[in-house]
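Chemist: Sequence first, then the predicted structure, then my questions.
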Amino acid sequence: MITLKGSLNYSAVTVLAGSSLLAQTPERVQTFPLRDATGLIAPKVKAGAAKYLGRESVRITVDGDDRAGIALLPGTDFQDGTIEADIALKTTTQPGVRYPGFIGIAFRVSPDASHYELFYLRPGNSEAADQPMRNHAVQYVSEPGFGWYRLRREWPGVYESYAELAMETWTKVRIVVTGRAAKLYLNGSARPSLVVDGLKGEDLHGGVGLWSFTDEEGYFSNVRITPAVPQSLKNGSDAAGSWEMRYSSDAGAMEALMELHRDGSQVTGAWSGPLGDGRPITGTWRNGYVELSFGGEWPKESRQGAPGPVNAFLTGWIDGDSGKGRMRVEARSDGVWVAKRKE
């Protein structure tokens, strides 16, 4: 087990790199003042120039009921690096209707905007009287397969967090993406408000978009995209093999061995470690991303949790001969795993 983004004219600035590697791949900083909607790729939303709270910006609205929409920034193809933006939200619901709001920045967006990674804010939740609702103030999702409902049910508290936010106020957002990990920073803080280690999307690069929702006005300005030299990642690594694992959790650390076999998208195998020996594993493989589960026994010698039958769930990415992800033992522990394929 394992213990383990006077107009939307943008400018490109060549940044001289100090190292020979960076000199071969110079960074291209893109800036989008967003004083009007010229150039925005927004077939399914309404985008226009607006002056909001004394600032020239772009206003995004979405028609329909309970639906999100994206306006893509032109000429963006982002993999790793930093996206900075100023965003603000104004609800258009009737007085007395609770509406925490939805506004964010999408990255690695496919050309048709059907696939993307997203950090978004819900300012109204920051002021909720109920603590669990307050904890839904900033969130991560990966569409189309990993929306908020699925992530919250399967991994409570992992992909959302509390942050001090407010409606009708400009908020500075900074997103730092490194390979399969991303961090969300707010209002110049040196500490992230949300950390996602293990992005769910298969696309390793794509556009950057302004994301908003129905029953609100989303305002955006001053987007700056600073690419970094991307990590050397490639999807499609096979899960089959013998894996030495370490699981680090809130209930302690464990080491284990997993034997995995793959037939197309289906994975079978066995787990041997503190939760039992030879425990049958079943699950799925998607372009290197695995979702596995097995039944075991919580060890009597553990200081946390009563002994007895348990169900364990693992998700994560296989990259070559290493793997990394999250593991949850139902009602007992939650943490991260890392693994190496045995030669």
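Modeler: Alright, I've got the coordinates. Here the structure is a predicted model, which is why all the values come from computation and not from measurement. Numbering: from 1, shown residues only.
Chemist: use CA for all of it now, contacts and neighbours both
Modeler: Will do.
Chemist: Where does pLDDT dip in this protein?
Modeler: Residues of the chain that meet the criterion pLDDT under 70 lie in 1-27.
Chemist: Show me the longest helix that occurs in it.
Modeler: Longest helix in the chain by number of residues (criterion: DSSP state H): helix 148-154.
Chemist: can you pull the buried residues of it?
Modeler: Judged by neighbour count (16 or more other CA atoms under 10 Å), helix 148-154 contains these buried residues: 148, 151-152.
Chemist: Please give the number of neighbouring residues around P307.
Modeler: Neighbour count for P307, taken as other CA atoms under 10 Å: 14.
Chemist: quick one: it from I281, how far?
Modeler: Distance of P307 to I281, computed by CA to CA, to the nearest Å: 20 Å.
Chemist: now swap in A49 and tell me
Modeler: For A49 relative to I281 (CA to CA), the value is 54 Å.
Chemist: Rebuild the buried residues of helix 148-154 as JSON lines, extending it with distance to G252.
Modeler: Listed next are the buried residues of helix 148-154 as JSON lines, based on distance: CA to CA, whole Å:
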{"residue": "W148", "distance to G252": "28"}
{"residue": "L151", "distance to G252": "24"}
{"residue": "R152", "distance to G252": "23"}
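Chemist: Could you pull out the strands in the stretch 151-300 of the chain for me?
Modeler: Applying DSSP state E, counting those that start in this stretch to the stretch 151-300 of the chain gives strands spanning 160-161, 171-178, 181-186, 194-197, 207-213, 216-227, 241-249, 252-263, 266-273, 276-286, 289-298.
Chemist: Now distance to N125 and mean neighbour count too, for those strands, in CSV please.
Modeler: Converted to CSV, those look like this (distance: least, CA to CA, whole Å; neighbours: other CA atoms under 10 Å):
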stretch, distance to N125, mean neighbour count
strand 160-161, 10, 23
strand 171-178, 15, 21
strand 181-186, 16, 20
strand 194-197, 15, 20
strand 207-213, 16, 26
strand 216-227, 15, 24
strand 241-249, 28, 21
strand 252-263, 32, 18
strand 266-273, 39, 18
strand 276-286, 34, 18
strand 289-298, 31, 20
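Chemist: who's the closest residue to Y52 other than its chain neighbours bridged to?
Modeler: Leaving aside its sequence neighbours, Y52 sits nearest to Y219 (CA to CA, 6 or more residues apart in numbering; 7.5 Å). Beta-bridge partners recorded for Y219 (DSSP bridges): R59, A88.
Chemist: And V177, by the same measure?
Modeler: Going by DSSP bridges, V177 forms beta bridges with G81, A182.
Chemist: swap in E160?
Modeler: On the basis of DSSP bridges, E160 is bridged to Q139.
Chemist: thinking it is in contact with Q139, fair?
Modeler: Yes - in this structure, E160 is within contact of Q139 by CA atoms under 8 Å, at 4.2 Å.
Chemist: of all the buried residues of helix 148-154, which comes closest to T38?
Modeler: When the buried residues of helix 148-154 are compared for distance to T38 (CA to CA), W148 wins out at 31.6 Å.
Chemist: Next one: L314 from L199, what distance?
Modeler: In terms of CA to CA, L314 sits 14 Å off from L199.
Chemist: quick one, which of these two is more surrounded?
Modeler: Taking neighbours as other CA under 10 Å, L314 and L199 compare with L199 leading, 22 against 19.
Chemist: May I have the residues that are in contact with the residue lying closest to that one once chain neighbours are set aside?
Modeler: In this structure, L199 finds its nearest non-sequential neighbour in R180, 5.1 Å apart by CA to CA, 6+ apart. R180 makes contacts with 197-199, as judged by CA atoms under 8 Å, 6 or more residues apart in numbering.
Chemist: For the strand or helix carrying E84, what is the distance to the chain centroid?
Modeler: According to DSSP states H and E, E84 maps onto strand 81-91. Centre-to-centre, strand 81-91 and its host chain are 16 Å apart (CA atoms, centre = their mean, to the nearest Å).
Chemist: Counting by contacts, list what it packs against.
Modeler: Packing partners of strand 81-91 (3 or more CA pairs under 8 Å, 6 or more residues apart in numbering; DSSP states H and E): strand 103-109, strand 171-178, strand 216-227.
Chemist: Kindly reformat these as CSV containing distance to G81.
Modeler: As requested, those are exported to CSV (distance: least, CA to CA, whole Å):
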stretch, distance to G81
strand 103-109, 11
strand 171-178, 5
strand 216-227, 4
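Chemist: Please name whichever of these is nearest to G209.
Modeler: Here strand 103-109 is closest among the helices and strands packed on strand 81-91 (CA to CA), at 4.9 Å.
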